[in-house]
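# Here is my input; please provide its structure:
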Amino acid sequence: MAEQNEENEKSQDPTQKRLNDALEKGDVVKSQEVSTWFVLAGGTLMMMVFAGSMGSGLKTTFAGLMSNAHQIPADGAGLLRLSGRLGVEVIAAVAIPVLLVALFAVGGNLIQHQLVWSTESLKPKLSKISPAAGLKRLFSKVALMNFAKGIAKIVLLGTVMAMLLWPERTRLDTLVTLDAAAILPFVSIFALKMLGFVVVIMAFIAAADYAFQYKQWFEKQKMSMREIKEEFKQTEGDPMIKARIRRIRETRSRKRMMAAVPDASVVIMNPTHYAVALKYERGDNAPVCVAKGMDALALKIREIAEAHDVPVVENAPLARALHATVEVDQEIPAEHYRAVAEVIGYVMRLRRGLRH
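Next comes the predicted model:
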């Protein structure tokens, strides 16, 4: 029972295949705080850069509207034209900043994970409408963490706002007596100051939240030993089947080699440990290895060679070198040309002598 529990316990780090499968399903690390920070930082930056031009454009538009209010036709068609013109001018004034903030929002997601196209989240699941599953999510570790995170954000941001507003309390009291033109510069500077502090605080919150979300996601991807074994069988095949296939291939390869030994020109041996059968015909670039083996296989090659009158030459260093450097059906390496040529030359002279 203990061994079975250990097999099913998800204590192993996920494999790359498991991570790739999660990505394909749209199961990725995502921190909403990181996305929020990018939007907030982008909006603050856009205010710093474009506030003047946006304010100037909108001021000109609405100043012209107010100064020419008596000339604006009050009928339906005239109001429609006016609203359309105002809409175009307002959009023209804020289009670039809004577009850049949207790009920041997209960047906040892309920086966390690569672009994913998945329909997995659109598939109907009973767990999404199950009251029991809903209660479980409501009181889960993630839900408690989100609640604590929300409280921490309120406390931190409230504290910062209070610290910033308290020194300015006397100036804030006098703002109601000032002209709107005098209030705007103070409000603009103070708003940017507050946003700057908020961006800094949110950066720490976003970093902590991303670390938490990544840890939760990684823990969810962990695998049990049984899952790892099953995945290995799916990707690499059953080890028993692979071993059986390997044995079948080795048997076929050995039979093919044995069938090629009778046609060999010479077998070079290290008396009992190594045997390499070579075939050479006039016009070939170099001798080709048609069979090789060690120990019992080497003795079998020698037995077949002697049964078919194939010369067997004992040359221990050359046999070991050829066995280590040449594969079956391959030409011998150039560094062994001379030594093998001497052996084949000796065999040819021996055969000519036997004929005479």
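
# now the helices for this structure?
The residue ranges that make up the helices of the chain, judged by DSSP state H, are 2-8, 16-24, 32-67, 76-110, 131-138, 141-165, 169-174, 180-221, 225-236, 239-260, 296-307, 316-325, 337-355.

# Please pull out the lowest mean pLDDT helix or strand from the protein.
helix 2-8 (a mean of 50; mean pLDDT, DSSP states H and E).

# quick check: domain ranges of this structure?
When the chain is parsed with automatic domain parsing, its domains come out as 32-111, 127-237, 246-355.

# Dump these into TSV; add mean pLDDT as well.
Supplementary listing: these in TSV, determined by pLDDT from 0 to 100:
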stretch	mean pLDDT
domain 32-111	75
domain 127-237	77
domain 246-355	85
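
# For residue 25, find the nearest of these.
Smallest distance to residue 25 across these (Cβ to Cβ): 11.1 Å, for domain 127-237. All C-beta spots, glycine's among them, are computed from the backbone N, C-alpha and C.

# just how off-centre is that closest one within its chain?
Per Cα atoms, centre = their mean, to the nearest Å, the displacement of domain 127-237 from the mean C-alpha position of its chain is 26 Å.

# tell me which residues of stretch 304-314 are tucked away?
If you call a residue buried by 16 or more other Cβ atoms under 10 Å, then stretch 304-314 has these buried ones: 304, 305, 310, 311, 312, 313.

# and which of the residues you listed is nearest to residue 349?
Closest to residue 349 out of the buried residues of stretch 304-314 is residue 311 (10.9 Å), distances taken as Cβ to Cβ.

# Verify the contact between that closest one and residue 261 for me.
No: under the criterion of Cβ atoms under 8 Å, residue 311 lies out of contact with residue 261, with a separation of 12.0 Å.

# what touches both of those two?
267, 305 (Cβ atoms under 8 Å, 6 or more residues apart in numbering).

# For the residue nearest to residue 265 when sequence neighbours are not counted, which phi and psi angles does the backbone take?
The shortest distance from residue 265 to any residue that is not its chain neighbour, by Cβ to Cβ, 6 or more residues apart in numbering, is 4.8 Å, and that residue is residue 280. For residue 280, the backbone dihedrals (degrees, to the nearest 10) come out as phi -140, psi 130.

# and what of the one 5 residues further on?
Dihedral angles of residue 285 (phi, psi; degrees, to the nearest 10) stand at phi -70, psi -40.

# Tell me if I'm right that residue 31 and residue 208 touch.
No: under the criterion of Cβ under 8 Å, residue 31 is not in contact with residue 208, lying 9.3 Å apart.
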